[in-house]
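K.L.:
no sequence for this one, just the structure:
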């Protein structure tokens with residue numbers, strides 16, 4: 001293992017992971033549950049401080065669930081904006097680590113993941129790519145021109161309102177929008193619809209038809225707007241349910257209805273794929289942000 005030493009912090013909706021990396025190789029990791037901002041950020045900061053005291057750390061990367069305020073010129077930079085996660089609205093996630101005095105790369109967890117997959121994983125060679133996590137929530141990171149996409153905020157595809165299967169009366173569970181994509185297809189939404197967690201549902205359970213259709217709506221929207229060369233689907237549901245991706249691909253092909261000449265069923269097998277970095281896409285996304293913070297990509 002060689003390369004600069006960095007610290008990566010991936011802050012997710014159910015867990016936070018701190019890693020010490022040399023180059024792209026993770027050499028140590030610590031996992032803590034996501035409870036309150038004080039507890040979770042405090043535990044991650046404590047671990048980062050121990051590593052920084054013992055190693056010549058070049059930079060730290062912070063990849064967090066959102067929505068995040070990412071514009072340094074705007075009020076609230078570094079904080080979480082309105083979020084369904086109780087107690088986390090306005091949490092100063094960036095500020096918690098700024099006191100370490102290290103160069104700090106900061107972005108969403110999914111923007112970090114798509115950057116890592118483009119650098120070391122299944123999106124290598126792609127100029128434009130997307131990473132969707134389907135788990136506790138649904139988030140999408142978008143990379144265009146080789147860089148994570150920012151603007152007024154950042155992509156919030158999980159809260160798009162998608163067309164629904166005719167006759168579907170499930171109200172959705174998003175506290176902001178009800179039946180947005182996250183309210184229909186995230187892990188808690190599946191459990192609310194089916195009465196059991198996704199991991200306990202048979203492959204032929206009716207819920208999967210609704211979930212794959214909603215996700216396919218998002219795939220079609222992404223392909224028709226951002227035109228990604230690769231869409232990686234990760235997360236506890238996205239990567240943890242083997243029969244889901246084939247259903248999503250088939251439903252996506254039907255929704256596109258042969259409109260995109262180069263995006264037929266065979267192409268979708270290559271476009272919509274699991275992350276090659278697996279569960280490490282998130283932590284390595286934080287490492288990629290740290291390397292970028294000091295120009296060591």
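P.N.:
Arrived safely, thanks for sending. For clarity, every value in this text was computed on a predicted model and none was experimentally measured.

K.L.:
so where's the chain shaky on pLDDT?
P.N.:
1 (pLDDT under 70).

K.L.:
what's near enough to touch the closest residue to residue 265 other than its chain neighbours?
P.N.:
Spatial nearest neighbour of residue 265, excluding adjacent residues (Cβ to Cβ, 6 or more residues apart in numbering): residue 253 at 4.8 Å. To be clear about C-beta, it is placed using only N, CA and C from the backbone, and glycine gets the same treatment. Residue 253 sits next to 263-265, 268 when contact means Cβ atoms under 8 Å, 6 or more residues apart in numbering.

K.L.:
cool, residue 3 as well?
P.N.:
22-25, 296.

K.L.:
Residue 131 too?
P.N.:
110-111, 113-114, 117, 123, 140-141, 231-232, 234, 275, 281.

K.L.:
can you check residue 103 too?
P.N.:
Contacts of residue 103 by Cβ under 8 Å, 6+ apart are 58-60, 290, 293-294.

K.L.:
can you name the two of the contacts of residue 3 that are farthest apart?
P.N.:
Farthest apart among those by Cβ to Cβ are 25 and 296. That separation is 14.0 Å.

K.L.:
So which residues make contact with the strand or helix carrying residue 30?
P.N.:
For residue 30, the element it lies in under DSSP states H and E is strand 25-33. By Cβ under 8 Å, 6+ apart, the residues outside strand 25-33 that reach it are 1, 3, 8, 14-21, 40, 43-44, 47, 51, 280, 283-284, 287.

K.L.:
Only the buried members of those: can you turn that into a ChimeraX selection?
P.N.:
Buried subset of the contacts of strand 25-33, written as a ChimeraX selection, criterion 16 or more other Cβ atoms under 10 Å:
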select :8,16,17,18,19,20,21,40,43,44,47,51,280,283,284,287
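
K.L.:
Out of the contacts of strand 25-33, list just those in helices.
P.N.:
40, 43-44, 47, 51, 283-284, 287 (DSSP state H).

K.L.:
from the contacts of residue 131, which single one is nearest residue 248?
P.N.:
Nearest to residue 248 among the contacts of residue 131, with distances taken as Cβ to Cβ, is residue 231, at 9.6 Å.

K.L.:
which two in the contacts of residue 253 are spaced the farthest apart?
P.N.:
Across the contacts of residue 253 (Cβ to Cβ), the longest gap, 9.0 Å, separates 263 and 265.

K.L.:
Compare these two (neighbour count), which wins?
P.N.:
For residue 263 versus residue 265, the count of surrounding residues by other Cβ atoms under 10 Å is larger for residue 263: 20 against 13.

K.L.:
surely the more buried one meets residue 269?
P.N.:
No - using Cβ atoms under 8 Å as the test, residue 263 is too far from residue 269 to be in contact (10.9 Å).

K.L.:
Count residues in the vicinity of residue 256, would you?
P.N.:
Residue 256, neighbours per other Cβ under 10 Å, totals 18.

K.L.:
Over to residue 78?
P.N.:
For residue 78, using other Cβ under 10 Å, the count is 20.

K.L.:
Any figure for the gap between it and residue 164?
P.N.:
Distance of residue 78 to residue 164, given as Cβ to Cβ, to the nearest Å: 36 Å.

K.L.:
again, but for residue 96
P.N.:
Residue 96 is 39 Å from residue 164, by Cβ to Cβ.

K.L.:
who's more crowded, those two?
P.N.:
Applying other Cβ under 10 Å to residue 96 and residue 164 shows that residue 96 carries more neighbours, namely 21 against 16.

K.L.:
Excluding chain neighbours, what is closest to the residue positioned nearest the centre of the chain?
P.N.:
Most central residue of the chain, judged by C-alpha distance to the mean C-alpha position with Cα atoms, centre = their mean, is residue 110 at 2.8 Å. Spatial nearest neighbour of residue 110, excluding adjacent residues (Cβ to Cβ, 6+ apart): residue 141 at 3.2 Å.

K.L.:
Contact partners for residue 154?
P.N.:
66-68, 70, 107-108, 111, 148.

K.L.:
Ok, residue 133 next?
P.N.:
Residue 133 sits in contact with 109-110, 113, 139-140, 233-235, 238, where contact means Cβ under 8 Å, 6+ apart.

K.L.:
Next, work out how far apart residue 243 and residue 117 are.
P.N.:
22 Å.

K.L.:
Just want to know which of these two has more residues nearby.
P.N.:
Legend: neighbour count by other Cβ under 10 Å for residue 243 and residue 117, higher for residue 117 (29 against 12).
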